[in-house]
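Q: The sequence and its predicted three-dimensional model are supplied below.
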Amino acid sequence: MASKGGEVRAVMHFGFFFVVAATVSLMSCSVPTQSPRPLDPQDSFYDHRGVKIRFRTSGTGAPVVFIHGVGGSLDTWRYVTDDLKTNHQLILLDLKGHGLSDRPGDAAYALSDHVEIVLGLIRHLGLKDVAIVGHSFGTIVAVAAAVAAKDAAAPNITGLVIIDGALAAEHVPFFLKLLRVPVLGWLNGKLTTARFRTRLALLRAFYDDSKVTDELVELYSRYQTIPGTEQAMLATARQIVPENLPELRQKIACLEFPVLNVWGERDIVVKRAGAESVCEILPRCRLVVIPNAGHIPQEETPLQVIPVLREFLDQISREAPGGARTKQSQRGVGNLCRLAQFTCFRCRYRWEVFRTGAGGTTWSSYAIRY
C-alpha cells in the first residue's frame, strides 16, 4: 500500500524540485554513463529516412502496435506480451529519441514526425488491419496515427487502446509543461543525474512506492544516459501540442473504430478529468478504471490490465478483415462524426448522436453501456 496521498506526493516531488535537485547534484559525484541494455534476439531496426528505429515482434494473429510514452521504451510492455502474443502479432517500438532508437540532433520530434515513423513501420511490415495501443504520450501518437491512416485510406485501424492518456492541451502532464519552459528544461538536465530524475518521475507515476525498485530505476535510467536523449526529450516536449490541434480534434471525432480507454484510478499525472475527456472526444469509447494503479498500470498492476486488453483485442480481431469500418458500413453508417452525447449515470448508458452519410443528410444514434 502506498504511504503518501496524491497531494502530498505532488508537493514533495515538484514543489521543491529545483532545491532538491541542486542539493543532490552538489552532494554527489558524477555518475558514469551506463551502457544500454543488450539487444533482445527478437529486436530489429527499421530505417526511417536515415533514423534507425528499434522494434520487436512476437506472436501470431491480428497485429497490434504498442507505443510507449515520453521517457519510456518498449520495455514498458514486458509484463503483458507473453499473454497477448498467443492470439496476436505484437509489434513494440521505441519512438525516435527513446530506448535504443536513434537520437539525431534535429528538430523533427513533433507529433507528426512520430506519427510518420509509426505508420512507416506498419507499412514496412506490410500490416493491413491493425490495432494500436498507446500509453501516455503514446496515446496522442496513436490517435494522430489513426487520423493520418484514415486520411491516406491505409492501413485500416481496427481499434485503439488508450492507457492513461489525454487528448486536450489543458491536460498535458505537469512534467512535460516543465520541460517546455526553456530554462527549466535545461536546468533539469544539468542539475540532476539520470538516476535521480528517473526515480523522481517513477515515484510520481507509481501509486505504490514500494514497486519503484533500484532495478526499475536502472531499467529506465540507462536509456537516459545515451547521448542525445536530453535534446530529444526537450524537442518532443516543446512540440507536444500540434499547431493544427483544432483541425485534428475535428478529425478525431470522426474516427469510427472502438476505443478502450484504460486509466489508473490513482494517476496524478493524467487525472480523471483528462481521462474522461478522451471519451468526450472519441466516439465508441469505453472507460475502464484500474483500481490502486497510477500512471503506468501495465507495469504496476499488469494482472488487472491484461484481461482488459485481451478481451478488447480479441473482440476487434474477430471483426477483421475490415475491422470496425466494415462493421459500420454494414449498418449503413459511413463518414461517422459525433455531434452530441447524453449520459445517464444511474443506468450507465450513453446515447450518442452522429451525422452520417457523405452528404450529411442522414442521422444515426446508438447507446453504449460503459
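A: Alright, I've got the coordinates.
Q: any idea how this protein splits into domains?
A: Following automatic domain parsing, one gets these domains for the chain: 33-170+236-330, 333-370.
Q: of all those domains, which has the lowest average per-residue confidence?
A: For the domains of the chain, the bottom mean pLDDT is recorded on domain 333-370, which sits at a mean of 49.
Q: Run through the strands of this protein in chain order.
A: Counting by DSSP state E, the chain has these strands, from start to end: 43-48, 51-58, 62-67, 88-93, 129-135, 156-163, 259-264, 285-290, 337-344, 349-356, 362-369.
Q: So which other helices or strands are in contact with the third one?
A: Applying 3 or more C-beta pairs under 8 Å, 6 or more residues apart in numbering; DSSP states H and E, one finds that strand 62-67 makes contact with strand 88-93, helix 111-124, strand 129-135, helix 137-152, helix 302-319. Using the backbone N, CA and C atoms, a C-beta is placed for each residue, glycine as well.
Q: what's the angle from the second one to strand 88-93?
A: Computed by axes from the mean of the first three to the mean of the last three C-alpha atoms, to 10 degrees, the angle separating helix 111-124 from strand 88-93 equals 140 degrees.
Q: now the angle from helix 111-124 to strand 156-163?
A: 130 degrees.
Q: hang on, the earlier thing: point out the most buried one among the domains of the chain.
A: Of those, the one with the most neighbours on average (mean count of other C-beta atoms under 10 Å) is domain 33-170+236-330, at a mean of 19.
Q: residues touching the residue nearest to residue 59 when sequence neighbours are not counted, list them.
A: The spatial neighbour of residue 59 that comes closest, neighbours along the chain excluded (C-beta to C-beta, 6 or more residues apart in numbering), is residue 85 at 2.8 Å. Residues in contact with residue 85, defined by C-beta atoms under 8 Å, 6 or more residues apart in numbering, are 58-60.
Q: Quick one: the domains of the chain as CSV, columns for distance to residue 214 too.
A: Output for the domains of the chain, formatted as CSV (distance: least, C-beta to C-beta, whole Å):
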stretch, distance to residue 214
domain 33-170+236-330, 13
domain 333-370, 40
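Q: among the ones you listed, which is nearest residue 195?
A: Set against residue 195 and scored by C-beta to C-beta, these come closest in domain 33-170+236-330, at 9.0 Å.
Q: re the thing from before, mind checking which of the domains of the chain is nearest residue 198?
A: Go through the domains of the chain one by one with C-beta to C-beta and the one that ends up closest to residue 198 is domain 33-170+236-330, at 7.8 Å.
Q: before we move on, the earlier item: what's the closest of the helices and strands packed on strand 62-67 to residue 273?
A: Closest approach to residue 273 among the helices and strands packed on strand 62-67 is made by helix 137-152 (15.5 Å; C-beta to C-beta).
Q: what does that closest one contact?
A: Residues beyond helix 137-152 that count as contacts (C-beta under 8 Å, 6+ apart) turn out to be 65-70, 72, 95, 111-112, 114-116, 118-119, 132-134, 155-157, 160, 162-167, 176, 236, 240, 242, 248, 251-252, 254-255, 257, 278, 282.
Q: Try it again at 6 Å.
A: Defining contact as C-beta atoms under 6 Å, 6 or more residues apart in numbering, one finds that helix 137-152 is touched by 67-70, 111, 114-115, 118-119, 132, 134, 155, 157, 160, 162, 165, 251-252, 255.
Q: What is the nearest of the contacts of residue 85 to residue 232?
A: Comparing every one of the contacts of residue 85 with residue 232 (C-beta to C-beta), the shortest separation belongs to residue 58, at 26.3 Å.
Q: Bridged to the closest residue to residue 279 other than its chain neighbours, which residues?
A: With C-beta to C-beta, 6+ apart as the measure, residue 285 is the residue that lies nearest to residue 279, at 3.8 Å, once sequence neighbours are left out. The bridge-partner assignment for residue 285, based on DSSP bridges, gives residue 259.
Q: mind listing what residue 285 touches?
A: Listed by C-beta under 6 Å, 6+ apart, the contact set of residue 285 reads 259, 261, 279.
Q: Those residues into TSV, with extra columns for distance to residue 192?
A: Putting these into TSV (distance: C-beta to C-beta, whole Å) gives the following:
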residue	distance to residue 192
259	37
261	33
279	37
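Q: Now do the contacts for the closest residue in space to residue 73 that isn't next to it in sequence.
A: Take residue 73 and drop its neighbours on the chain: the residue closest to it by C-beta to C-beta, 6+ apart is residue 99, 3.4 Å away. Neighbouring residues of residue 99 by C-beta under 6 Å, 6+ apart: 54, 73-74, 223.
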